[in-house]
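Enquirer: Just a sequence and a predicted model for now, questions to come.
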Amino acid sequence: MDGCVLAVDLGGSSLRVALIGRDGAVRAISARSQRTLVEAEPEQWWQALVEGVGVLSRKDRMGFATVRAVAVTAFT
């Protein structure tokens, strides 16, 4: 394995993180719904990201250790 990509998708109501292998296969994924009213709370999103990345590191330790890039997409 030459490395993985840590993909982060911050949507309007959820945050998803995935570990993607060089071959494009999803090696691990975590998703967390966020309830937001009028304004989003940055600390809640940050906590969701920290927790999601933690889940990935536990699901696929070997792949997580080879992360070579981070890709982030967000919807506001």
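Expert: Thanks, I have it. Numbers count the residues shown, from 1 in each chain.
Enquirer: After the top helix by length along the chain, which helix or strand is next?
Expert: In the chain, taking DSSP state H as the definition, the longest helix is helix 42-59. Sequence-wise, the next helix or strand downstream of helix 42-59 (DSSP states H and E) is helix 61-64.
Enquirer: just checking, W45 touches V17?
Expert: No: judged on Cβ atoms under 8 Å, W45 makes no contact with V17 at a distance of 11.8 Å. For the C-beta atoms, the positions are set from N, CA and C on the backbone; glycine is no exception.
Enquirer: Which pLDDT value does the model give G3?
Expert: Here the pLDDT value assigned to G3 is 92.
Enquirer: Count the neighbours of it for me.
Expert: 12 (other Cβ atoms under 10 Å).
Enquirer: Quick check: the closest residue to it other than its chain neighbours vs G52, distance?
Expert: Excluding its sequence neighbours, the residue lying closest to G3 (Cβ to Cβ, 6 or more residues apart in numbering) is R68, at 3.4 Å. Going from R68 to G52 by Cβ to Cβ, to the nearest Å gives 19 Å.
Enquirer: okay, these two: which has more neighbours?
Expert: G52 (20 against 10).
Enquirer: Hmm, the more buried one is touching R16, no?
Expert: Yes: taking contacts as Cβ under 8 Å, G52 lies within contact range of R16: 7.4 Å.
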